[in-house]
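Novice: can't give you the sequence, but here's the structure:
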């Protein structure tokens, strides 16, 4: 005969269950991003993501009932990670730099973000959204929100001495769109982005 259950015995801590849930969700999202980078949108299937994350089918479907929901969540995960890394870059800017030195360093750090795996995962989602109305509808409001956050991050990148210039918004947006376009060219050729001739051009333009 089994012993009676002690009603006063504590159940498994809720915080621990929530932590396990958050951990498995993060593993799935990290796996989705990795699959987007390595295999592209078409290759980032739920089966491949599940295998890479090391979770059961039921666990994956519990968090994300559809592939579109999973990849949209992966996009937000991407944005959060990109903003976190940008924050680290901002903190890395050495104090005591002159305005010209800070401008050059900020442009270098900004350009780095367009050669990272996270950029390519985002590109895969943007490309797929062109012909996938459901994915596009889910991504569009999120991309607008992310865009505003990125602009805010760039403002912190450059600092108040530079953002106070009347032409700053024009220069910021020109740099961002130009870097994104040049970054896409690296899909066709592999070279060191630190030696890209556009880097000197962007600095000259910003100084002017």
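Specialist: Thanks, I have the structure now. A quick note: this is a predicted structure, and the numbers were derived from the prediction, not measured.
Novice: let's verify residue 65: helix, strand, or coil?
Specialist: Per DSSP: H, G, I helix; E, B strand; the rest coil, the secondary structure class of residue 65 is coil.
Novice: okay, and the helix or strand of the chain with the least pLDDT?
Specialist: The helix or strand of the chain with the lowest confidence, counting by mean pLDDT, DSSP states H and E, is helix 67-92 at a mean of 81.
Novice: packing partners of it?
Specialist: helix 14-43, helix 46-53, helix 99-112, helix 117-129, helix 133-158 (3 or more Cβ pairs under 8 Å, 6 or more residues apart in numbering; DSSP states H and E). The way it works is simple: take the backbone N, C-alpha and C, and place the C-beta from them, glycine included.
Novice: flag every buried residue along the second one.
Specialist: Translated: helix 46-53. 46, 48-50, 52-53 (16 or more other Cβ atoms under 10 Å).
Novice: and stretch 118-131, by the same measure?
Specialist: 118-125, 128-129.
Novice: and the closest residue to residue 108 other than its chain neighbours, what does it touch?
Specialist: Distances taken as Cβ to Cβ, 6 or more residues apart in numbering put residue 199 closest to residue 108, at 7.1 Å, once the chain neighbours are dropped. By Cβ atoms under 8 Å, 6 or more residues apart in numbering, the residues touching residue 199 are 107-108, 111.
Novice: related to what we said a few turns ago, let me know the angle separating the least confident helix or strand of the chain from helix 117-129.
Specialist: Relative orientation of helix 67-92 versus helix 117-129 (axes from the mean of the first three to the mean of the last three Cα atoms, to 10 degrees): 150 degrees.
Novice: tell me what angle helix 67-92 forms with helix 133-158.
Specialist: Calculated by the same axes, to 10 degrees, helix 67-92 forms an angle of 0 degrees with helix 133-158.
Novice: returning to that earlier point: so which helix or strand takes in the residue nearest to residue 108?
Specialist: Using DSSP states H and E, residue 199 sits in helix 197-207.
Novice: check the offset of that helix from the chain's centre.
Specialist: Its chain's average C-alpha position is 25 Å from that of helix 197-207, according to Cα atoms, centre = their mean, to the nearest Å.
Novice: ok and that helix relative to helix 99-112, angle-wise?
Specialist: Taking the same axes, to 10 degrees, one finds that helix 197-207 is oriented at 140 degrees with respect to helix 99-112.
Novice: before we move on, the earlier item: nearest to residue 188 among the helices and strands packed on helix 67-92 would be which one?
Specialist: Residue 188 lies closest to helix 117-129 among the helices and strands packed on helix 67-92, at 12.7 Å (Cβ to Cβ).
Novice: run through who's touching the closest one.
Specialist: Contacts to helix 117-129, defined as Cβ under 8 Å, 6+ apart, come from residues 33-34, 36-37, 40-41, 44, 71, 74-75, 78-79, 81-82, 85, 113, 135-136, 139-140, 183-184, 187.
Novice: likewise stretch 161-171?
Specialist: For stretch 161-171, contacts defined as Cβ under 8 Å, 6+ apart pick out 99, 102-103, 106, 155, 158, 205-206.
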